[in-house]
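In: fold the stuff below for me.
(chains A, B, C and D)
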Number of protein chains: 2
Amino acid sequence: MTVRHDAISSGIPVHCLSCQARRRGLCSALDPDRLAKLARTSSRHRVEPGVELIGDADALNSYSNLLSGVVKLTKSLADGRQQIVGLQFAPDFLGQPFEAKSAIRAEAATTVSICSFPKGAIEKMIEQSPELEHRLLKQTLNELDEAREWIVTLGCKTAPEKVASFLLMIARNIDSSVGRATRSACFDLPLTRTDLSDFLGTTNETVNRQLTRLTREGVIRIENNRRVTVDNMSRLEQRCGGRPRRNSP
Amino acid sequence: MTVRHDAISSGIPVHCLSCQARRRGLCSALDPDRLAKLARTSSRHRVEPGVELIGDADALNSYSNLLSGVVKLTKSLADGRQQIVGLQFAPDFLGQPFEAKSAIRAEAATTVSICSFPKGAIEKMIEQSPELEHRLLKQTLNELDEAREWIVTLGCKTAPEKVASFLLMIARNIDSSVGRATRSACFDLPLTRTDLSDFLGTTNETVNRQLTRLTREGVIRIENNRRVTVDNMSRLEQRCGGRPRRNSP
DNA sequence: CGTATCTTTGATGCATCTCAAAAATTGTGG
DNA sequence: CCACAATTTTTGAGATGCATCAAAGATACG
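Out: Numbers count the residues shown, from 1 in each chain, chains lettered A, B, ... in the order given. Predicted coordinates:
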């Protein structure tokens, strides 16, 4: 009771008190009033790996905040080839604001928990508060930046460099202890080898060979096929490509 | 006089009367008052191919509308490999709204004309009118969509498919007569073969071989190394990949 | 405990890169 | 307008990184 009362007096809904999205996500753009209003329409869900969150199947009627886990965004060609075009981590916002024209599919890569809102509620709130749209613009610019970074990886880098770049990217997004100057990292791969190859534009065999190579050379350790430890981050960074070669002009 | 008077009475600045950006670009989000205010701070420029518009060199202090020509956005690795991560066409808005963290370079690919504004003027106007930010969000979502489309091309497609996809994309953006169901198109390539390879993640030799192949097979014609004619668009589309193969299950 | 899925490893082939040099185009100054 | 240099495009021959195919371990799952 006391707790609840405190929560109300501070103006922040109970569910939101310890929520990432409130601190660093979309909800950080809302004042307590609006937050409370929105929270009343929200519901939390747990989603198992492989389940589709946004897709061609159903015209989605809700938006969500991603609270934990990893979501993969994929596109595919009519003949079956597919490509992962992005990954989302907490506290990203999920959902196509104004119906992107092109088809995209969002699927839980790991077990995921989300906080969902009816589409209308969000849209109405966006109209009312420019803050929210501003926050959305910022996330979109960020995603654009990441997409372009990945274009560089796909277009310029070799298979070994691609795999190293992926590990580094994951380490930075998943192991929350990884700051700028961290030496080591440890995390569970959110993707299977095949997913990885769909992300890197190669094959699962190639991905695997590069992973075993990195292991053999002591850059990473892998346990249970999933858990990855990077003892020395800078050695991993060196393998991401881009270092000017010693024997260059 | 009469003309000018008409322009004023309709509330639209003379410079803007026939401007693409006013009709379909960022300025379409402005009411006549604000448009007039912004127009007073604007200046038009002509930029020659190869000139840097946004870069690591100088911290840019202006934003622009692209009125004609093509701008290429590039990123590069420290060892010199580079990748074109996007192209911009009229009436796109040029400039990083909130300082993307990662370095990007914008360079005129063709002769370009732009309408520039002091950074401060735009930023102030964005604060005041949500419309403008909304328009910006829409463009950004669009660019994100295109970036992801290109990720698919880079990650999934073969060299022949990449080249065909590029030609199709250019045809749709440059030849304004190309609608949904147009049969033919004609345009000047805005990029050199090497630029093209930096865009497609291949080499200029490979790009060239695919272009000559398309020519040999009658899908396109090339004059003066630059001017491309596509007589039958659907034949080009067939080469972009994704068609399910006849002999598939 | 057996079936399905995922991962690992090996052998082979091909698409594309690399290197090299000729041909075409563009730009420059006399 | 022409000769010359610089750049871009085109073509060829050879090397190679990665895909493909195949099959044997692991691991998850009912």
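
In: now stretch A:12-25: buried residues?
Out: Neighbour counts using 16 or more other Cβ atoms under 10 Å in any protein chain shown place A:12, A:13, A:16, A:19, A:20, A:21, A:22, A:25 of stretch A:12-25 among the buried residues. C-beta: built from backbone N, CA, C; applies to glycine.

In: show me those residues that map onto helices.
Out: Mapping these onto helices (DSSP state H) picks out A:20, A:21, A:22.

In: which residues of chain A fall in strands?
Out: With strands called from DSSP state E, chain A shows them at A:43-47, A:52-54, A:62-68, A:70-76, A:82-89, A:93-94, A:105-108, A:112-118, A:185-188, A:220-223, A:227-230.

In: which strands and helices sit next to the lengthiest helix in chain A?
Out: For chain A, the helix with the greatest residue count under DSSP H is helix A:130-156. Applying 3 or more Cβ pairs under 8 Å, 6 or more residues apart in numbering or on different chains; DSSP states H and E, we find helix A:130-156 packed against strand A:82-89, helix A:119-128, helix A:159-174, strand B:70-76, strand B:82-89, helix B:130-156, helix B:193-200.

In: now do the last one: distance to the chain's middle.
Out: Yep, that's helix B:193-200 we're talking about. 15 Å (Cα atoms, centre = their mean, to the nearest Å).

In: which elements pack onto it?
Out: On a contact count with 3+ Cβ pairs under 8 Å, 6+ apart, helix B:193-200 meets helix A:130-156, strand B:70-76, strand B:82-89, helix B:159-174, helix B:204-216.

In: beta partners of the residue minimising distance to the centre of chain A?
Out: Nearest to the geometric centre of chain A sits residue A:88, at 1.9 Å (Cα atoms, centre = their mean). Beta-bridge pairing for residue A:88 (DSSP bridges): residue A:71.

In: please determine how far it is located from residue A:17.
Out: Residue A:88 is 23 Å from residue A:17, where distance means Cβ to Cβ, to the nearest Å.

In: for DNA strand D, see how far away residue A:118 is.
Out: In this view, residue A:118 and DNA strand D are 32 Å apart by Cβ to the nearest atom of the strand, to the nearest Å.

In: ok, now residue A:12?
Out: 38 Å.

In: ok, now how distant is the residue nearest to that residue when sequence neighbours are not counted from residue B:130?
Out: Using Cβ to Cβ, 6 or more residues apart in numbering or on different chains and skipping residues adjacent in sequence, the residue nearest residue A:12 is residue A:32, 5.7 Å away. Residue A:32 is 21 Å from residue B:130, where distance means Cβ to Cβ.

In: between these two, who's got more neighbours?
Out: Counted by other Cβ atoms under 10 Å in any protein chain shown, residue A:32 and residue B:130 do not tie: residue B:130 has more neighbours, with 19 against 14.

In: local confidence estimate at the closest residue to the more buried one other than its chain neighbours?
Out: Leaving aside its sequence neighbours, residue B:130 sits nearest to residue A:130 (Cβ to Cβ, 6+ apart; 4.2 Å). For residue A:130, the model assigns a pLDDT of 91.

In: show me what contacts the closest residue to residue A:27 other than its chain neighbours?
Out: Nearest residue to residue A:27, sequence neighbours excluded (Cβ to Cβ, 6+ apart): residue A:21, at 4.7 Å. Contacts for residue A:21 (Cβ atoms under 8 Å, 6 or more residues apart in numbering or on different chains) come out as A:27, A:28, A:65, A:67, A:90, A:91, A:93, A:115.

In: let's see it at 6 Å
Out: For residue A:21, the contacting residues are A:27, A:65, A:91, by Cβ atoms under 6 Å, 6 or more residues apart in numbering or on different chains.

In: tell me the confidence at the last one?
Out: Among the per-residue scores, residue A:91 shows a pLDDT of 95.

In: now do the nearest residue to it once chain neighbours are set aside against chain B, distance only.
Out: Distances taken as Cβ to Cβ, 6+ apart place residue A:25 nearest to residue A:91, at 3.2 Å, with adjacent residues excluded. Look at residue A:25 and chain B: by Cβ to the nearest Cβ, to the nearest Å, they are 17 Å apart.
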